[in-house]
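Give me coordinates for this.
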Amino acid sequence: MNLDNDTLISEYNGIDINNFKTENNKEKENDINENKIEEKDIKKDKMKKHKKIKIESSKNIITKELKPIREKILKKKVTEQYNTSAFEEIKKEPETKNQTRYIRLKNSYLKQNINPEKPIMSRQSQKALNNISLNFSVNININNILDNKDQKSNNNNNSLLEPEENFNPNEFRIVEKIGSGSFGKIYKVQWIRNNKNYAMKIINLKHIDDFECTKKKLKIIKDFYNETNCPGIIRTYGNMYEKIGKTEYKYYILMELAQIDWEKEINSRNKKNLYYTQNELFDIIKQLVTCYALMQKNNIGHRDVKPQNVLLLNGQYKLCDFGEARNISGKNGYIHQPIRGSELYMSPILFDALNNDKIDVLHNSYKSDVFSLGMCFFLAATLSFYSLYEIREEKDMRTIKKILEKYLIPRYSNTLVKILYKMLQVDEDLRPNFIELEKYILSK
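Prediction:
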């Protein structure tokens, strides 16, 4: 049917067009709002379903995690009575398993922000689980302490390591040179295994027989130290040699490290004008004479007594350098042997033989060492080598006594003069050996 414009206008005559538009818009808005409400409802349903699924899954997870503990503690059903045997079984399990289980449970509770223990466990069962956690923390702390102790004990074990007799010189780092002479050089060294410091003497030898001879002498004193544990002997750990040419060798001797030798200490006191007190001198005399007397009882003579061969270590004066030491097998210490020692400290019989170009002489080795030690003490008391030169050339004991009194009185008592007078007797028969001297000193 065809309608013209006039007809349409006549049909819509009396109708407000604006009202028609607004009504049409309202209908559209209502449709949109209804769609939004439907979408919200759908979302709410989805959220509810998601929450239900999440809660159910979390409950299932927690139930699975707690199942092994629940089976052991509660066995088949939850009861209000605490099952002791089940808890004991859990405690017997390896700590790592219990620890892992407890941490896993705890983390799952925190993540889900729920506490599933109440519906699943009784109070006593919960107490059992808490006790397990307490045991974990205690065990962990104890294990940490034990680990620390093991670490400390390993460090202590390293510090207790001692070099072997046939040590490796390459394992020692040279820190500094601390001495030298015709015998060789002495170095302060550090062992890389325990970082401790030692003294190493390095001697150049021209023949392997020289090494074997020196090794035998060192064995004498090392055996003596091991048998007596004498505190007045510097400890020797070991010795070895290394070939450096067709006929040349390096000989290494490893010893404990001292702070200073006696001669250096005397020189240091001389510069400071710091004299030993009488008590200090008596203490030194007792220490050294006791050690030499013990060596005499074991038939060992040092044969090179001088301040350089006495070391100071932690207040203890110790003998060292036993390169000339030997077993004395002669009757009462008398033996025909080559001349050994340092000229300034030699006994009169050895000094005279040396001046007369003799190679060897019959003498008492112990009494010769007593004279040498007497010269050392006289040097320590006077802090002057000039006093030794006066004694060195003198043969008359009355003159020697005057020299002693001139240097020692009034700083020291007459007791010290008497001891040195006995030790510096020119006649060997009138001079005591170390055992006799020890008795005399201890009686004062």
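
what residues does stretch 205-222 touch?
The contact list for stretch 205-222, computed with Cβ atoms under 8 Å, 6 or more residues apart in numbering, reads 203, 233, 236, 239, 241, 247-251, 253, 300, 322-327. Bear in mind the C-beta positions are built from the backbone N, C-alpha and C, glycine included.

List the ones among these that fall in helices.
Assigned to helices by DSSP state H, none of these qualify.

buried subset of these?
Among those, those classed as buried by neighbour count (16 or more other Cβ atoms under 10 Å) are 203, 233, 236, 239, 241, 249-251, 253, 300, 322-323, 325-326.

Could you single out the nearest of these to Tyr187?
Ile253 (10.9 Å; Cβ to Cβ).

got the contact list for the closest one?
Contacts of Ile253 (Cβ under 8 Å, 6+ apart): Met200, Lys201, Ile203, Leu218, Thr236, Gly238, Asn239.

Nearest to Ile284 among those residues?
Proximity of those to Ile284 (Cβ to Cβ) peaks at Thr236, which lies at 22.3 Å.

any idea how far that closest one lies from Lys264?
Thr236 is 21 Å from Lys264, where distance means Cβ to Cβ, to the nearest Å.

Nearest residue to Glu256 in space, ignoring adjacent ones along the chain?
Using Cβ to Cβ, 6 or more residues apart in numbering and skipping the chain neighbours, the partner closest in space to Glu256 is Arg235 (4.4 Å).

That neighbour: neighbouring residues, count only.
18 (other Cβ atoms under 10 Å).

swap in Glu165?
Neighbours of Glu165 (other Cβ under 10 Å): 12.

Find me the pLDDT at it, would you?
With respect to pLDDT, Glu165 scores 84.

Repeat that for Leu312.
96.

before we move on, what about Glu162?
We have a pLDDT of 87 for Glu162.

go on, Tyr109?
Here, the pLDDT recorded for Tyr109 equals 45.

swap in Leu442?
90.

how about it, what does it touch?
Leu442 is in contact with Lys286, counting by Cβ under 8 Å, 6+ apart.

Over to Leu161?
Leu161 neighbours (Cβ under 8 Å, 6+ apart): Arg193, Asn194.

now for the one helix or strand Tyr386 maps to, which elements pack on it?
Element membership of Tyr386 [criterion: DSSP states H and E] is helix 385-392. Helix 385-392 is packed against helix 365-382, helix 397-408, with contacts defined by 3 or more Cβ pairs under 8 Å, 6 or more residues apart in numbering; DSSP states H and E.

Can you name the next helix or strand after the shortest one?
Elements were assigned by DSSP H and E; along the chain past helix 397-408, the next helix or strand is helix 414-423.

just checking, what packs against that next one?
Contacts defined by 3+ Cβ pairs under 8 Å, 6+ apart place helix 414-423 against helix 278-297, helix 365-382, helix 397-408, helix 434-443.

thinking again about what came up before, looking at the helices and strands packed on helix 385-392, which one is packed in the most?
With neighbours defined by mean count of other Cβ atoms under 10 Å, none of these is more surrounded on average than helix 365-382, at a mean of 24.

Could you quantify the relative orientation of that one and helix 278-297 as an angle?
Taking axes from the mean of the first three to the mean of the last three Cα atoms, to 10 degrees, one finds helix 365-382 and helix 278-297 inclined to each other by 170 degrees.

Now helix 365-382: average pLDDT?
97.

go on, stretch 229-249?
Averaged over stretch 229-249, pLDDT sits at 88.

How about Ile233: what's its closest non-neighbour residue?
Nearest residue to Ile233, sequence neighbours excluded (Cβ to Cβ, 6+ apart): Tyr225, at 5.0 Å.

Checking my notes, the one you found in a helix, right?
Yes: applying DSSP: H, G, I helix; E, B strand; the rest coil, one finds Tyr225 inside a helix.

Can you read off the pLDDT for it?
89.

again, but for Asn2
Asn2 is assigned a predicted lDDT (pLDDT) of 45.

how close does Tyr241 get to Glu256?
Going from Tyr241 to Glu256 by Cβ to Cβ gives 21 Å.

And Lys264, by the same measure?
Taking Cβ to Cβ, one finds Lys264 at 17 Å from Glu256.

again, but for Ile391
Taking Cβ to Cβ, one finds Ile391 at 33 Å from Glu256.

And Glu343, by the same measure?
Distance from Glu343 to Glu256, by Cβ to Cβ: 29 Å.

Would you mind telling me which of the two has the busier surroundings?
More crowded of Glu343 and Glu256, by other Cβ under 10 Å: Glu256, with 18 against 10.

I'd assumed Tyr198 was in contact with that one.
Yes: applying Cβ atoms under 8 Å as the test, Glu256 and Tyr198 come out as touching, 6.5 Å apart.

Quick check: neighbours shared by those two?
With Cβ under 8 Å, 6+ apart as the test, Glu256 and Tyr198 both reach Tyr237.

Tell me how many other residues surround the closest residue to Asn298 other than its chain neighbours.
Ranked by Cβ to Cβ, 6+ apart and with sequence neighbours excluded, the top spatial neighbour of Asn298 is Phe224, at 5.5 Å. Burial of Phe224 is recorded as 20 neighbouring residues (other Cβ under 10 Å).

go on, the one 10 residues further on?
Using other Cβ under 10 Å as the criterion, Ile234 is surrounded by 21 other residues.

and what of the one 3 residues further on?
Each residue near Tyr237 was counted by other Cβ under 10 Å, and the total is 18.

got the end-to-end distance for stretch 423-432?
With Cα to Cα, to the nearest Å as the measure, the first residue of stretch 423-432 is 7 Å from its last.

who does Lys188 bridge with?
With DSSP bridges applied, Lys188 shows beta-bridge pairing to Glu176, Ala199.

how close does it get to Ile339?
Distance of Lys188 to Ile339, given as Cβ to Cβ: 32 Å.

what does Leu319 give?
Counting by Cβ to Cβ, the gap from Leu319 to Ile339 is 21 Å.

Between the two, which has more neighbouring residues?
A direct count of neighbours by other Cβ under 10 Å for Leu319 and Ile339 places Leu319 higher, at 21 against 17.

what sits against the more buried one?
Under the criterion of Cβ under 8 Å, 6+ apart, the contact list for Leu319 reads Gly232, Ile233, Ile234, Leu288, Cys291, Tyr292, His302, Asn309, Val310, Leu311.

quick one: Glu280 and Phe351, what's the gap?
Distance, Glu280 to Phe351, by Cβ to Cβ: 29 Å.

Apologies, that question was intended for Gly184.
Distance of Gly184 to Phe351, computed by Cβ to Cβ: 26 Å.

Also Asn299?
Asn299 is 25 Å from Phe351, where distance means Cβ to Cβ.

I appreciate the help and will end here.
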